[in-house]
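S.K.: Everything below, folded, please.
(chains A and B)
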Protein chains: 2
Amino acid sequence: MKRNVIVGQSGGPTAAINSSLAGVYRTAIDRGANKVYGMLHGIQGLLEEKYIDLSEHIRTELDVELLKRTPAAFLGSCRYKLPGIHEDKAVYEKIFAILDKLDIEAFIYIGGNDSMDTIKKLSDYAILTGHQTRFIGCPKTIDNDLALTDHTPGYGSAAKYIGTSMKEIIRDSFCLEYPKGLVTIVEIMGRNAGWLTGAAALSKGEDCEGPDLIYLPELTFDIQSFRTKVEQLLKKKTSVVVAVSEGIRTADGKYVCELGKDINFVDSFGHKQLSGTASYLASFIAGELGCKTRAIEFSTLQRAGSHLASRVDILEAYQVGGAAVKAADEGDSGQMVVLQRISDDPYQCATAVKDVHKIANDEKCVPRNWINKDGTYVTDEFITYVEPLIQGDVSPVMVDGIPRHLYTPKELYKK
Amino acid sequence: MKRNVIVGQSGGPTAAINSSLAGVYRTAIDRGANKVYGMLHGIQGLLEEKYIDLSEHIRTELDVELLKRTPAAFLGSCRYKLPGIHEDKAVYEKIFAILDKLDIEAFIYIGGNDSMDTIKKLSDYAILTGHQTRFIGCPKTIDNDLALTDHTPGYGSAAKYIGTSMKEIIRDSFCLEYPKGLVTIVEIMGRNAGWLTGAAALSKGEDCEGPDLIYLPELTFDIQSFRTKVEQLLKKKTSVVVAVSEGIRTADGKYVCELGKDINFVDSFGHKQLSGTASYLASFIAGELGCKTRAIEFSTLQRAGSHLASRVDILEAYQVGGAAVKAADEGDSGQMVVLQRISDDPYQCATAVKDVHKIANDEKCVPRNWINKDGTYVTDEFITYVEPLIQGDVSPVMVDGIPRHLYTPKELYKK
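M.R.: Numbers count the residues shown, from 1 in each chain, chains lettered A, B, ... in the order given. As a prediction, the model looks like this:
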């Protein structure tokens, strides 16, 4: 590379997104890039000329290692969607003026569906105007819902967190006996795709029965049949554990978390409170069956749990970042790096690039035949797919008993 | 020891309670005990003659190591409180008949306040009736609220989990920019004692500013002053993170989680839904300040997170279990093992025994001078106290990418 590289992060953060950033940085430097800039809060920040020189933040080999172990977007993220080129040309002119000013050869964007839309539009604009900057997308999302790639960096670590925490919850759940049993409902992210919720089954093994029921958002949720299944299970076990996606919906298309909405109460300060899927179902089951219930949400913990990251995931995220820079350096543009699985066991996977036009705004869901007939569990095929992605650990660098992260750019959160 | 030992677990589970069980088992075997029985679901199960022979479950050295790494009560737990001796003598007669039948020399009970009440009553009854069985308590609670001991096994691992997860949440919280900022409220266990909530400050370091506000249950919570503080912080930062105890109360003694209670809605199935402290405050702040808010509960994850256990905690839990058996073997009864800190740095701690009559039903809170004047943070003294307790890691035994636990006795949850 002869000129500079700029990299941004976009969409929901993950435990592996900074490993991709580390891969971009190191590969760009190794291939001779003069400067590597980081957009603060993605393309939205870039439009306000908010960026940093990454070499001022990643100074040593140790910093690279810390960055790989730092959860959430080191550069900050955004959910900004570029207008169509013909809708607002001025935005594009502004972006490209900034890229020219910074002498950018490669523009790397680490993100999910929306971010690939950004890469698509910017590379289209570059073609239209004969601009030389190359635009490459780097996949990232815990949701694992990107098309054309076997899986997305970030997913494996979230799946490992979910499998591990689910096992700990199951273990905890049968300690205390309740007269009518205990039903624990665990709510997991992934509004339309059940990849994360299905990962709850990873807790199953010789030493753990796994959750009793798993409900993915791909299928319609029937609350009465759910009630019946729980009731039957309570006849055999003192504790029933259920994994549900935040996005499960009833036959009329309503999200379960919205079922109590019409009558959601307004508190003494006049604020409306919404309850989540798990807490709704927990209160439903408690009312119907009279048993003790518990609602648990993994919330942001499942996407930020870098202390429990998967080694396969962190290394692949790093490779994917490097592959993005390499592709740009070799002349590609309008492409996203993808992961192509060569074999399950031993697990082998390679990077390739695919036209971003075929990826953007598409959503990959769990295939129907990877969910059991009942719609209450994932199949062995699902486990065979996900298990290689959670292997190995990345030991945190512990300082005073707590994992150390790379220092955050203060520009990110100070006003 | 010439005869048998029986051990039980009681109260809320922790990540270290099974390490104490391992310590009891190994020490009893090493000191010549014939059999080591485990009560299933504590004294409540014993009353129904539910117990197992531990040697059938802990067969190898590896099993001992797995048991140390297994969260939640391996034997199951209970919240059963023994009646007074003069209220119901029959219960005592039944228990002692079972102990005689099993030829029990030492009865070890691992638990918190209520469990020490059990030890007190049983040892009193033994004295009254001239019975030879010895009764020793083994401290355990994530709440760290037991009197006379420097700290309780279980607390260090929970504190490490809270410090680590809090740091990951803080990191996640400033990724995305919101027009009026983001306020994240994290709810932490400990209804009357703020030891766990204060541990949120462990996330603070060179690489992290820590939570912005910490509210312990020891002090009255003023919701309007809280609102003002958050408003001021939002002028300086894009993201504000607050740690609150589940037990904070307003000046009239009402729990914050009960503030919305009178108007809690009843859903379409007629079930009442209660919201937690964090979700109440999140909705309050959203309504008052118009910013984005997020409520996170660490829930059972904080007490079951053995994958992130503190080495100091797991080893001390093991030692305490061993010390309990040793004390019984040497003739003690009606005592609880305590931890006595010798120095902070280097951290040194020794076991001793104390009369259980001085411990039972007492509750140790965070001293006022370990909380800042404002009541919004813990002081350096608090950190000096807790930091040694979270040091070191216990590598999980990973199988297929997920921590392996010791197999659970099926009697525990199968009906």
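S.K.: What count of nearby residues applies to A:A147?
M.R.: 17 (other C-beta atoms under 10 Å in any protein chain shown). Bear in mind the C-beta positions are built from the backbone N, C-alpha and C, glycine included.
S.K.: To clarify, my last question referred to A:D150.
M.R.: 16.
S.K.: so who does the residue nearest the centre of chain A touch?
M.R.: Centrality entry for chain A: nearest residue to the mean C-alpha point is A:I142, 1.8 Å, by C-alpha atoms, centre = their mean. Listed by C-beta atoms under 8 Å, 6 or more residues apart in numbering or on different chains, the contact partners of A:I142 are A:G12, A:T14, A:T152, A:G154, A:Y155, A:S157, A:A158, A:M189, A:G190, A:L196, A:Q302, A:R303.
S.K.: how about the residues of the stretch 1-150 of chain A near chain B?
M.R.: When proximity is defined by C-beta under 8 Å from any C-beta of the partner chain, the stretch 1-150 of chain A lies next to chain B at A:9, A:12-13, A:41, A:44, A:70-73, A:76-79.
S.K.: nope, the stretch 301-415 of chain A is what I meant
M.R.: A:301, A:303-308, A:310, A:387, A:390-393, A:398-408, A:412-415.
S.K.: low pLDDT regions in chain A?
M.R.: Counting by pLDDT under 70, chain A shows low-confidence ranges at A:260-275, A:360-361.
S.K.: Now do the helices in it.
M.R.: A:17-30, A:42-47, A:61-68, A:89-101, A:113-129, A:155-173, A:195-198, A:223-236, A:277-289, A:301-304, A:311-329, A:380-386 (DSSP state H).
S.K.: re earlier: any chance of the contacts of A:I142 in TSV, with distance to A:I95 and neighbour count too?
M.R.: Output for the contacts of A:I142, formatted as TSV (distance: C-beta to C-beta, whole Å; neighbours: other C-beta atoms under 10 Å in any protein chain shown):
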residue	distance to A:I95	neighbour count
A:G12	23	22
A:T14	25	35
A:T152	25	30
A:G154	26	32
A:Y155	30	29
A:S157	31	32
A:A158	31	35
A:M189	31	22
A:G190	31	27
A:L196	33	28
A:Q302	33	24
A:R303	28	28
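S.K.: so can I have TSV of these showing distance to A:Q232?
M.R.: Output for the contacts of A:I142, formatted as TSV (distance: C-beta to C-beta, whole Å):
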residue	distance to A:Q232
A:G12	37
A:T14	37
A:T152	37
A:G154	37
A:Y155	33
A:S157	35
A:A158	31
A:M189	28
A:G190	27
A:L196	26
A:Q302	29
A:R303	34
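S.K.: Check the residues you listed against chain B and report the nearest one.
M.R.: A:R303 (6.9 Å; C-beta to the nearest C-beta).
S.K.: A:A16 is in contact with that closest one, correct?
M.R.: No: applying C-beta atoms under 8 Å as the test, A:R303 and A:A16 come out as separate, 9.7 Å apart.
S.K.: So which of the helices of chain A is nearest B:D100?
M.R.: Between B:D100 and the helices of chain A, the tightest spacing by C-beta to C-beta is seen for helix A:155-173, at 33.3 Å.
S.K.: Flag every buried residue along that closest one.
M.R.: A:155-173 (16 or more other C-beta atoms under 10 Å in any protein chain shown).
S.K.: cool, and stretch A:327-335?
M.R.: A:A327, A:A328, A:D329, A:D332, A:S333, A:G334, A:Q335.
S.K.: Go through the residues you listed and name the one nearest B:V241.
M.R.: A:A328 (36.7 Å).
S.K.: For the closest one, give its distance to chain B.
M.R.: 25 Å (C-beta to the nearest C-beta, to the nearest Å).
S.K.: likewise A:G112?
M.R.: In terms of C-beta to the nearest C-beta, A:G112 sits 13 Å off from chain B.
S.K.: Straight-line length of stretch A:177-189, end to end?
M.R.: Start and end residues of stretch A:177-189 are separated by 29 Å (C-alpha to C-alpha, to the nearest Å).
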